[in-house]
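Undergrad: here you go, sequence then predicted model.
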Amino acid sequence: MSTVVIAGLGGLGCPAALALAEGGVERLVLVDDDRVDLSNLARQVLYTTEDVGRPKIEVAAERLRAVAPGIDLELVSGRVTAETVDGLLDGADLILDATDDPAARFVINDAALAHRLPAVLGGIHRYEGLVLGLGPGFGPCFRCLFEDVPAADEVATCAQAGVLGPIAGIVGHLQARRALGLLAGDYARHTGFITTVDGLRGRIREVPLPEATGCPACGGLAQRLDIRADHCPITYVRTKLALEALAPGAVLDVVMRRGDPARNVPRSLAEDGHDVLCQGVLANDDYRVVVRRVP
Ligand SMILES: [Zn+2]
(Lines give C-alpha, C1' and ligand atoms only; values in the text may rest on other atoms or scores of the structure.)
Protein backbone atom coordinates (compact mmCIF):
# COMPACT_ATOMS: atom_id res chain seq x y z
CA MET A 1 0.00 0.00 0.00
CA SER A 2 1.38 3.42 -0.95
CA THR A 3 0.99 6.49 1.23
CA VAL A 4 1.57 9.94 -0.26
CA VAL A 5 1.67 13.14 1.79
CA ILE A 6 0.26 16.09 -0.18
CA ALA A 7 1.48 19.36 1.30
CA GLY A 8 -1.04 22.01 0.24
CA LEU A 9 -4.48 21.54 -1.32
CA GLY A 10 -4.46 24.60 -3.57
CA GLY A 11 -3.80 25.03 -7.29
CA LEU A 12 -1.20 22.23 -7.46
CA GLY A 13 -2.55 19.98 -4.73
CA CYS A 14 -6.08 19.71 -6.20
CA PRO A 15 -5.10 18.26 -9.60
CA ALA A 16 -2.26 16.23 -8.07
CA ALA A 17 -4.57 14.65 -5.47
CA LEU A 18 -7.15 13.79 -8.13
CA ALA A 19 -4.54 12.22 -10.39
CA LEU A 20 -2.99 10.21 -7.54
CA ALA A 21 -6.39 8.99 -6.34
CA GLU A 22 -7.31 7.98 -9.87
CA GLY A 23 -3.82 6.53 -10.35
CA GLY A 24 -4.42 3.97 -7.62
CA VAL A 25 -2.56 5.43 -4.63
CA GLU A 26 -4.28 3.80 -1.67
CA ARG A 27 -3.63 6.36 1.04
CA LEU A 28 -3.29 10.15 0.94
CA VAL A 29 -2.38 12.44 3.82
CA LEU A 30 -3.88 15.85 3.01
CA VAL A 31 -2.12 18.74 4.76
CA ASP A 32 -3.57 22.27 4.58
CA ASP A 33 -4.81 24.89 7.04
CA ASP A 34 -6.67 27.10 4.57
CA ARG A 35 -10.34 27.60 3.71
CA VAL A 36 -11.89 27.74 0.24
CA ASP A 37 -11.92 31.27 -1.16
CA LEU A 38 -13.91 32.56 -4.12
CA SER A 39 -10.79 34.07 -5.75
CA ASN A 40 -9.01 30.74 -6.22
CA LEU A 41 -11.78 28.51 -7.56
CA ALA A 42 -10.51 28.83 -11.15
CA ARG A 43 -7.41 26.74 -10.46
CA GLN A 44 -8.46 24.79 -7.38
CA VAL A 45 -10.57 22.29 -9.21
CA LEU A 46 -11.88 20.30 -6.26
CA TYR A 47 -13.97 23.24 -4.95
CA THR A 48 -17.13 25.10 -6.01
CA THR A 49 -18.82 28.31 -4.93
CA GLU A 50 -20.89 26.34 -2.41
CA ASP A 51 -17.68 25.36 -0.59
CA VAL A 52 -16.48 28.92 0.07
CA GLY A 53 -15.45 29.29 3.69
CA ARG A 54 -15.10 25.55 4.38
CA PRO A 55 -11.73 23.95 5.22
CA LYS A 56 -10.07 22.81 2.01
CA ILE A 57 -9.04 19.42 3.38
CA GLU A 58 -12.66 18.56 4.25
CA VAL A 59 -14.04 19.49 0.85
CA ALA A 60 -11.11 17.81 -0.92
CA ALA A 61 -11.74 14.60 1.02
CA GLU A 62 -15.41 14.52 -0.06
CA ARG A 63 -14.49 14.99 -3.74
CA LEU A 64 -11.69 12.44 -3.65
CA ARG A 65 -13.95 9.83 -2.02
CA ALA A 66 -16.46 10.47 -4.80
CA VAL A 67 -13.88 9.55 -7.48
CA ALA A 68 -12.03 6.85 -5.50
CA PRO A 69 -14.45 5.37 -2.94
CA GLY A 70 -11.91 2.92 -1.48
CA ILE A 71 -9.25 5.53 -0.79
CA ASP A 72 -7.88 5.94 2.74
CA LEU A 73 -7.55 9.63 3.64
CA GLU A 74 -5.92 11.27 6.63
CA LEU A 75 -6.71 14.97 7.09
CA VAL A 76 -4.15 17.20 8.81
CA SER A 77 -5.16 20.78 9.49
CA GLY A 78 -1.81 22.51 9.51
CA ARG A 79 1.25 23.32 7.47
CA VAL A 80 4.50 21.58 6.67
CA THR A 81 7.18 23.19 8.82
CA ALA A 82 10.52 22.09 10.26
CA GLU A 83 8.59 21.14 13.41
CA THR A 84 5.81 19.11 11.76
CA VAL A 85 7.54 17.48 8.79
CA ASP A 86 9.10 14.50 10.57
CA GLY A 87 5.77 13.41 12.04
CA LEU A 88 4.08 13.78 8.65
CA LEU A 89 6.69 11.62 6.94
CA ASP A 90 6.36 8.81 9.46
CA GLY A 91 4.93 5.88 7.50
CA ALA A 92 4.88 7.82 4.21
CA ASP A 93 6.26 6.54 0.90
CA LEU A 94 6.51 9.91 -0.84
CA ILE A 95 5.85 13.59 -0.19
CA LEU A 96 4.48 15.93 -2.83
CA ASP A 97 5.17 19.63 -2.33
CA ALA A 98 2.14 21.59 -3.52
CA THR A 99 2.67 24.56 -1.23
CA ASP A 100 2.86 28.17 -2.28
CA ASP A 101 5.75 28.64 0.08
CA PRO A 102 9.49 28.52 -0.77
CA ALA A 103 10.39 27.96 2.88
CA ALA A 104 8.19 24.85 3.00
CA ARG A 105 9.79 23.60 -0.23
CA PHE A 106 13.24 23.67 1.40
CA VAL A 107 11.87 21.94 4.51
CA ILE A 108 10.33 19.20 2.34
CA ASN A 109 13.52 18.83 0.28
CA ASP A 110 15.73 18.45 3.36
CA ALA A 111 13.34 16.13 5.20
CA ALA A 112 12.95 13.85 2.16
CA LEU A 113 16.74 13.56 1.95
CA ALA A 114 17.04 12.87 5.69
CA HIS A 115 14.27 10.23 5.65
CA ARG A 116 15.57 8.80 2.34
CA LEU A 117 12.13 9.16 0.81
CA PRO A 118 11.26 10.18 -2.72
CA ALA A 119 9.70 13.62 -3.16
CA VAL A 120 8.20 15.68 -5.95
CA LEU A 121 8.62 19.43 -5.66
CA GLY A 122 6.59 21.87 -7.69
CA GLY A 123 6.10 25.58 -8.06
CA ILE A 124 4.22 28.08 -10.20
CA HIS A 125 4.75 31.78 -10.77
CA ARG A 126 2.63 33.86 -13.12
CA TYR A 127 2.94 31.99 -16.47
CA GLU A 128 5.66 29.52 -15.50
CA GLY A 129 5.97 26.32 -13.54
CA LEU A 130 8.57 23.77 -12.54
CA VAL A 131 8.65 20.18 -11.31
CA LEU A 132 11.57 18.35 -9.72
CA GLY A 133 11.69 14.70 -8.61
CA LEU A 134 14.06 13.32 -5.96
CA GLY A 135 14.79 9.75 -4.94
CA PRO A 136 16.98 8.32 -2.19
CA GLY A 137 20.46 8.80 -3.58
CA PHE A 138 19.03 10.29 -6.76
CA GLY A 139 19.31 14.05 -7.09
CA PRO A 140 19.99 16.78 -7.73
CA CYS A 141 17.87 18.27 -5.00
CA PHE A 142 16.18 21.65 -4.71
CA ARG A 143 19.13 23.01 -2.72
CA CYS A 144 21.47 22.13 -5.60
CA LEU A 145 19.50 24.68 -7.66
CA PHE A 146 18.64 27.29 -5.05
CA GLU A 147 20.93 27.31 -2.04
CA ASP A 148 18.61 28.74 0.56
CA VAL A 149 15.25 30.27 1.25
CA PRO A 150 15.02 33.67 -0.47
CA ALA A 151 14.25 36.76 1.59
CA ALA A 152 10.53 37.37 1.96
CA ASP A 153 10.61 40.51 -0.22
CA GLU A 154 12.28 38.62 -3.08
CA VAL A 155 9.39 36.26 -3.65
CA ALA A 156 5.74 36.78 -4.36
CA THR A 157 3.07 34.25 -3.50
CA CYS A 158 0.49 33.26 -6.11
CA ALA A 159 -1.96 35.61 -4.44
CA GLN A 160 0.45 38.52 -4.88
CA ALA A 161 1.87 37.74 -8.33
CA GLY A 162 -1.18 36.14 -9.87
CA VAL A 163 -1.00 32.87 -11.75
CA LEU A 164 -2.44 31.58 -15.00
CA GLY A 165 -4.97 28.94 -13.86
CA PRO A 166 -4.17 26.20 -16.39
CA ILE A 167 -0.47 26.28 -15.41
CA ALA A 168 -1.43 24.96 -11.99
CA GLY A 169 -3.36 22.10 -13.59
CA ILE A 170 -0.43 21.15 -15.85
CA VAL A 171 2.16 21.32 -13.06
CA GLY A 172 -0.04 19.43 -10.59
CA HIS A 173 -0.62 16.63 -13.10
CA LEU A 174 3.08 16.46 -13.99
CA GLN A 175 3.87 16.18 -10.28
CA ALA A 176 1.42 13.31 -9.88
CA ARG A 177 2.85 11.54 -12.93
CA ARG A 178 6.37 11.86 -11.51
CA ALA A 179 5.15 10.67 -8.09
CA LEU A 180 3.61 7.53 -9.59
CA GLY A 181 6.89 6.79 -11.37
CA LEU A 182 8.92 7.26 -8.19
CA LEU A 183 6.49 5.11 -6.19
CA ALA A 184 7.08 2.37 -8.75
CA GLY A 185 10.80 2.64 -7.92
CA ASP A 186 11.80 4.09 -11.27
CA TYR A 187 14.12 6.71 -9.81
CA ALA A 188 16.48 6.78 -12.77
CA ARG A 189 13.75 7.95 -15.16
CA HIS A 190 12.13 10.52 -12.88
CA THR A 191 15.12 12.35 -11.39
CA GLY A 192 18.14 14.19 -12.72
CA PHE A 193 16.28 16.93 -14.60
CA ILE A 194 13.85 19.73 -13.97
CA THR A 195 10.64 20.03 -15.96
CA THR A 196 9.79 23.60 -16.88
CA VAL A 197 6.38 24.73 -18.10
CA ASP A 198 6.21 27.93 -20.16
CA GLY A 199 2.55 28.85 -20.21
CA LEU A 200 2.88 31.77 -22.62
CA ARG A 201 4.55 29.67 -25.35
CA GLY A 202 2.78 26.44 -24.39
CA ARG A 203 6.10 24.62 -23.99
CA ILE A 204 7.09 21.88 -21.57
CA ARG A 205 10.80 21.10 -21.43
CA GLU A 206 12.97 18.67 -19.49
CA VAL A 207 16.26 20.35 -18.61
CA PRO A 208 19.05 17.93 -17.54
CA LEU A 209 20.82 18.84 -14.31
CA PRO A 210 24.45 18.15 -13.40
CA GLU A 211 25.16 15.05 -11.33
CA ALA A 212 27.72 16.52 -8.95
CA THR A 213 26.89 19.87 -7.44
CA GLY A 214 28.84 19.97 -4.19
CA CYS A 215 25.50 20.62 -2.53
CA PRO A 216 25.65 20.47 1.28
CA ALA A 217 22.17 18.96 1.52
CA CYS A 218 22.47 15.96 -0.81
CA GLY A 219 26.16 15.92 -1.77
CA GLY A 220 27.03 13.92 1.31
CA LEU A 221 24.13 11.55 0.90
CA ALA A 222 25.69 9.09 -1.48
CA GLN A 223 29.25 8.29 -2.40
CA ARG A 224 29.77 7.53 -6.06
CA LEU A 225 31.64 4.48 -7.38
CA ASP A 226 32.25 4.21 -11.11
CA ILE A 227 32.94 0.60 -12.20
CA ARG A 228 31.98 0.93 -15.83
CA ALA A 229 35.48 -0.18 -16.92
CA ASP A 230 35.34 -3.41 -14.88
CA HIS A 231 33.97 -6.88 -15.61
CA CYS A 232 32.35 -9.53 -13.40
CA PRO A 233 33.30 -10.54 -10.75
CA ILE A 234 35.64 -7.55 -10.18
CA THR A 235 32.56 -5.30 -10.30
CA TYR A 236 31.12 -7.04 -7.24
CA VAL A 237 34.46 -7.13 -5.36
CA ARG A 238 35.04 -3.40 -5.88
CA THR A 239 31.50 -2.56 -4.78
CA LYS A 240 31.77 -4.76 -1.70
CA LEU A 241 35.10 -3.18 -0.67
CA ALA A 242 33.79 0.37 -1.26
CA LEU A 243 30.69 -0.39 0.79
CA GLU A 244 32.70 -1.88 3.65
CA ALA A 245 34.80 1.29 3.79
CA LEU A 246 31.66 3.32 4.57
CA ALA A 247 29.94 3.79 7.92
CA PRO A 248 26.90 1.59 8.62
CA GLY A 249 23.81 3.25 7.15
CA ALA A 250 25.80 5.21 4.54
CA VAL A 251 24.67 5.08 0.92
CA LEU A 252 26.78 4.07 -2.06
CA ASP A 253 25.83 5.06 -5.58
CA VAL A 254 27.36 2.64 -8.10
CA VAL A 255 27.46 3.11 -11.86
CA MET A 256 28.25 0.07 -14.01
CA ARG A 257 27.66 -1.28 -17.48
CA ARG A 258 24.47 -3.13 -18.32
CA GLY A 259 24.56 -6.90 -18.74
CA ASP A 260 26.30 -9.20 -16.25
CA PRO A 261 27.36 -6.50 -13.72
CA ALA A 262 23.83 -5.06 -13.61
CA ARG A 263 22.40 -8.53 -12.98
CA ASN A 264 24.97 -9.80 -10.47
CA VAL A 265 26.05 -6.82 -8.34
CA PRO A 266 22.66 -5.92 -6.82
CA ARG A 267 21.78 -9.58 -6.24
CA SER A 268 25.11 -10.33 -4.51
CA LEU A 269 24.85 -7.21 -2.34
CA ALA A 270 21.33 -8.16 -1.26
CA GLU A 271 22.57 -11.67 -0.42
CA ASP A 272 25.23 -10.04 1.78
CA GLY A 273 22.41 -8.34 3.69
CA HIS A 274 22.75 -4.79 2.32
CA ASP A 275 19.70 -2.75 1.28
CA VAL A 276 19.52 -2.23 -2.47
CA LEU A 277 17.49 1.00 -2.43
CA CYS A 278 16.96 1.25 -6.15
CA GLN A 279 18.43 0.34 -9.51
CA GLY A 280 17.79 1.26 -13.09
CA VAL A 281 19.08 2.24 -16.49
CA LEU A 282 20.44 5.77 -16.86
CA ALA A 283 19.81 8.00 -19.85
CA ASN A 284 23.25 7.17 -21.32
CA ASP A 285 22.51 3.42 -21.05
CA ASP A 286 24.76 2.85 -18.03
CA TYR A 287 23.24 1.06 -15.05
CA ARG A 288 22.96 2.55 -11.58
CA VAL A 289 22.53 0.75 -8.28
CA VAL A 290 22.06 2.62 -5.00
CA VAL A 291 22.80 0.53 -1.93
CA ARG A 292 22.80 1.26 1.79
CA ARG A 293 25.38 -0.44 3.98
CA VAL A 294 23.88 -2.36 6.87
CA PRO A 295 25.84 -2.91 10.10
ZN1 LIG B 1 21.39 18.97 -3.46
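TA: It's in. All values reported here derive from a predicted model rather than from experimental measurement.

Undergrad: now do the SS call for residue 25.
TA: Look at residue 25: counting by DSSP: H, G, I helix; E, B strand; the rest coil, its state is coil.

Undergrad: my read: it touches residue 4, true?
TA: Yes: in this structure, residue 25 is within contact of residue 4 by Cβ atoms under 8 Å, at 5.3 Å. Any C-beta I mention is one placed from the backbone N, CA and C, and that applies to glycine too.

Undergrad: what touches both of these two?
TA: Common contact partners of residue 25 and residue 4 (Cβ atoms under 8 Å, 6 or more residues apart in numbering): 179, 183.

Undergrad: those two: which is more packed in?
TA: The residue with more neighbours, out of residue 25 and residue 4, is residue 4; 27 against 24, by other Cβ atoms under 10 Å.

Undergrad: listing partners with orientation, what would you give for the one helix or strand the more buried one maps to?
TA: Assigned by DSSP states H and E, residue 4 falls within strand 3-7. Next to strand 3-7 in the sheet, as set by DSSP bridges, lie strand 27-31 (parallel), strand 94-97 (parallel).

Undergrad: among those, single out whichever gets nearest to residue 243.
TA: Evaluated over the strands paired with strand 3-7, closeness to residue 243 peaks at strand 94-97, with 26.1 Å, by Cβ to Cβ.

Undergrad: quick one: mean pLDDT for that closest one?
TA: Per-residue pLDDT over strand 94-97 has a mean of 98.

Undergrad: off-centre distance for that strand?
TA: Distance, stretch centre to chain centre, for strand 94-97: 5 Å (Cα atoms, centre = their mean, to the nearest Å).

Undergrad: mind checking the pLDDT average for the next helix or strand after that strand?
TA: Next helix or strand after strand 94-97 toward the C-terminus (DSSP H and E): helix 102-115. Average pLDDT, helix 102-115: 91.

Undergrad: give me the angle between helix 102-115 and strand 3-7.
TA: Here the directions of helix 102-115 and strand 3-7 differ by 160 degrees (axes from the mean of the first three to the mean of the last three Cα atoms, to 10 degrees).

Undergrad: could you chop this protein up by domain?
TA: Here the domain parsing of the chain from automatic domain parsing is 3-208, 222-292.

Undergrad: re the thing from before, want to throw the strands paired with strand 3-7 into JSON lines with mean neighbour count and distance to residue 50?
TA: Shown next, in JSON lines, are the strands paired with strand 3-7 (neighbours: other Cβ atoms under 10 Å; distance: least, Cβ to Cβ, whole Å):
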{"stretch": "strand 27-31", "mean neighbour count": "22", "distance to residue 50": "20"}
{"stretch": "strand 94-97", "mean neighbour count": "28", "distance to residue 50": "27"}
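
Undergrad: so which of the ones you listed comes closest to the ion?
TA: strand 94-97 (14.9 Å; Cβ to the ion).

Undergrad: contact partners of that closest one?
TA: Identification of contacts with strand 94-97 by Cβ under 8 Å, 6+ apart yields 2-8, 13, 16, 20, 80, 88-89, 104-105, 108-109, 111-112, 117-122, 175-176, 179, 182-183.
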